[in-house]
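> coords please:
(one chain, ligands or ions: 1)
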Amino acid sequence: MNVDIGNALGSVASPGISRAALEHLDEQVADAHERIERGMANGEHGYEALNLPERTDPDKIRAAVEPVADCDALVTVGIGGSALGAATIVDALEERGDGTETVFLDNVDPEWVTAHLEALPLEATAINVVSRSGTTAETLANFLVVREAFESAGVDWTERTIVTTGESGPLRDLVDRHDLPSLTVPDGVPGRYAALSAVGLVAAAVCGHDLEAILEGAAAERETLSGSLFDCPAYAYGATAYALDQRGAGTNAMVPYAESLETYAEWFAQLWAESLGKDDLGQTPVRALGVTDQHSQLQLYRAGPRDKLVTFVRPLEAPDREIPATEVDDLSYLGDATLGELLDAEFEATEASLAAASRPNVRIELECVDADEIGSLLYGMEAACVLAGELYGVDTFEQPAVEWAKKATRGLLGGGEFEEANAVTEKTTLRVDH
Ligand SMILES: O=P(O)(O)OC[C@H]1O[C@H](O)[C@H](O)[C@@H](O)[C@@H]1O
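Prediction:
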C-alpha cells in the first residue's frame, strides 16, 4: 500500500498541513510508534492485533472449515467487527473465489432475514457464527433463527456450523454442548481489529481464498511500521488524517475506486468511528464509492463546508473491458477507450478537481485487488488507526458508547437489570403527527 498525502499539504489545501507542521508531528509519531511496538511486544490488549499476521494459523482455519468445504453457500452470522472484516475480504476477492455464495446476517430486520433464509439452498449451506463476546443479542438471535430454519428444512445444522468465539461465554457453551467445530478469537484482539484472524478468515477459507497471501500482504505492511511517517504509508495516513481533523476536517470520506472495495469502506467506518470517537474527539467516517458517488456527493465535497478529508483508494491494475465504437460522432472518444481508462480518467479528474478547489485529499494506492493487497490494506488501515488513537490520546480499543446501548437493549428485552434501559422511558418527546 502506498500513500500520497501531497494534496493534504497546506500549499494545496485548506485545511491543510504545512511541511513544518508535518515534521513536528513526526516527532509525536516516533513516540507513538515506540508505544505501539511496546504494546505489540507485550501482547497488550488491542496492540496484539498488529501481531496477527505472524500469529494466525491458516492450517487451523482450513481444518475447521474442512467439513463444509464443498458447500454452495455460506451464511455468516455476526455483526460489526465480527462481520465486516470477513465481508470485506470475500467481497473484495469475489471474482477470484470458488463461487461459494456468501450472505452476511448482520442485521435483525425480520423481513430481510427471512428473505435471505428462504433464498438459500439450506442442504448445501454452511453456517459461520462469529461473536467475540458470545453474548451479542443480534448474533445470538439470528443464530437461533438460522438453526430453526435448518431444522424445519430437515437439515442437521450441527453438521454444517463453524463457530468462532472467545474462550468462554454462551456461544462457547453451545459449541461444547453440540460438539461443533470451533475457532477461538485471539486474546487481546478487539472485534474491529480481528479481520486477520479466524474472525475474518473463516469465510475466506470456505470461499477458497489464499489465506497465506492475505497474511503475507499484512506481514509486509507490518514491516513498514517505523518511527517516521515519511517511511511508513500507514502512519503517513493516520498522522495526516489526525492533523487534518485538528485543523477542521472533522469528516473523512472514504472513496474506493473499485466496486469490490465498497464493503471495505464499511469496515473502515467501524474501525475509525469506534476506535477514535471518544472524549468528544474523533473524525466522522463517511462512505462513498468512485465513480458512482461523483454523481451524488462530489458537489458537497468540492463546494460544501471545508470540514472534510477525502480518502481515495485506487487499485492500479484491474481487468479491463473495451468500450464499443459508436456511430454518433460526439461519442467517438469513448470508442477509443476502455472502461478502465474511463475509470482512471474519472479518478484523476476528481482528485484534481478537489485539489483545484483546495480541498484536502489523500490517495491510497494498491497494486490491484488481490489477496495480498487486501491483507496489506486491512493491516495498514488498522495500524493507521492505532497511530491516530495514540495521537488523539484516546482509548482506541474500547467502545463504551456502543456497550451502553447494548445494555439498554438487553434491559428492554428483560435480559437483566440494566439502568441504561430507563433512558428509553425517560425520553423527551415533541411529536408532529400526521
Ligand atoms: O463479536 P461480538 O462480541 O459479537 O461483538 C460484535 C460487535 O459488537 C459491538 O457492536 C461492538 O461495539 C463491536 O466492536 C463488535 O464488533
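> for the residue nearest in space to the middle of the chain, give me its contacts.
When the chain is reduced to its mean C-alpha position, the nearest residue by CA atoms, centre = their mean turns out to be Trp267, at 1.7 Å. Residues in contact with Trp267 (CB atoms under 8 Å, 6 or more residues apart in numbering) are Leu84, Gly85, Ala87, Thr88, Arg192, Ala195, Leu378. C-beta here means a position set from N, CA and C on the backbone, and glycine is covered the same way.
> now do 7 Å
The neighbours of Trp267, taking CB atoms under 7 Å, 6 or more residues apart in numbering as the test, are Leu84, Gly85, Thr88.
> need these in CSV (columns: neighbour count, pLDDT and secondary structure).
Below are the contacts of Trp267 laid out as CSV (neighbours: other CB atoms under 10 Å; pLDDT from 0 to 100; DSSP: H, G, I helix; E, B strand; the rest coil):
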residue, neighbour count, pLDDT, secondary structure
Leu84, 27, 98, helix
Gly85, 31, 98, helix
Thr88, 25, 98, helix
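> once you drop chain neighbours, what's closest to the closest residue to the ligand within the stretch 251-400 of the chain?
In the stretch 251-400 of the chain, no residue comes nearer to the ligand than Gln399, which is 4.1 Å away by CB to the nearest ligand atom. Spatial nearest neighbour of Gln399, chain neighbours left out: Glu274 (4.7 Å); criterion: CB to CB, 6 or more residues apart in numbering.
> what does the domain assignment say about this protein?
Domain segmentation of the chain under automatic domain parsing yields 2-37+217-392, 50-209.
> measure the closest residue to Ser14 other than its chain neighbours to Gly10 for me?
Across the structure, with CB to CB, 6+ apart as the measure, the residue nearest Ser14 apart from its sequence neighbours is Ser358 (4.8 Å). Relative to Gly10, Ser358 is positioned 10 Å away (criterion: CB to CB, to the nearest Å).
> if we can go back for a sec, hang on, the residue nearest to Gln399 in a helix?
Yes: under the criterion used here (DSSP: H, G, I helix; E, B strand; the rest coil), Glu274 sits inside a helix.
> what number of residues lie near it?
23 (other CB atoms under 10 Å).
> looking at it, it is touching Phe397, isn't it?
No: the pair Glu274 / Phe397 is not scored as a contact, 9.3 Å apart, by CB atoms under 7 Å.
> flag every residue of the stretch 151-300 of the chain that's near the ligand.
If contacts are counted using CB under 6 Å from any ligand atom, the residues of the stretch 151-300 of the chain sitting beside the ligand are Gly191, Arg192, Glu274.
> columns pLDDT on top of those, output as CSV?
Written out in CSV, the entries for those read as follows (pLDDT from 0 to 100):
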residue, pLDDT
Gly191, 96
Arg192, 97
Glu274, 97
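> where does Leu430 land in three-state SS?
The three-state label for Leu430, taken from three-state DSSP, comes out as coil.
> wait, Phe397
With three-state DSSP as the criterion, Phe397 reads coil.
> what's the closest non-adjacent residue to it?
Here the nearest residue to Phe397 in space, its sequence neighbours aside, is Gly46; by CB to CB, 6+ apart that works out to 3.1 Å.
> burial count for Glu148?
Count around Glu148 with other CB under 10 Å applied: 12.
> could you give the separation of the host helix or strand of it from the chain centroid?
Applying DSSP states H and E as the criterion places Glu148 in helix 137-152. On the basis of CA atoms, centre = their mean, to the nearest Å, helix 137-152 is displaced by 25 Å from the centre of the chain it belongs to.
> next: stretch 416-425.
Between the mean C-alpha point of stretch 416-425 and the mean C-alpha point of its chain there is a distance of 31 Å (CA atoms, centre = their mean).
> backbone dihedrals for the residue nearest to the centre of the chain, please?
Trp267 adopts backbone torsions of phi -60, psi -40, taken as degrees, to the nearest 10.
> do the one 3 residues further on as well
Gln270 has phi and psi values of phi -60, psi -50 when expressed as degrees, to the nearest 10.
> so who does it touch?
Gln270 makes contact with Gly80, Gly81, Leu84, Arg192 under the criterion CB under 7 Å, 6+ apart.
> same deal with Gly304?
Contacts for Gly304 were tallied using CB under 7 Å, 6+ apart; there are none.
> could you do Ala318 as well?
When contacts are counted by CB under 7 Å, 6+ apart, Ala318 is found next to Ala258, Gly340, Cys368, Val369.
> so it, which state does it fall into?
Going by three-state DSSP: Ala318 is coil.
> what about it, distance to Phe347?
Here the distance between Ala318 and Phe347 works out to 12 Å (CB to CB).
> ok so, going back, residues near the residue of the stretch 251-400 of the chain closest to the ligand, how many?
Using other CB under 10 Å: Gln399 sits among 21 other residues.
> and the pLDDT for it?
As summarised for this prediction, Gln399 has a pLDDT of 92.
> excluding chain neighbours, what is closest to Thr284?
With CB to CB, 6+ apart as the measure, Thr251 is the residue that lies nearest to Thr284, at 4.8 Å, once sequence neighbours are left out.
> likewise Ile364?
Taking CB to CB, 6+ apart as the measure, Ile364 lies nearest to Val313, with 4.7 Å between them; neighbours along the chain are not counted.
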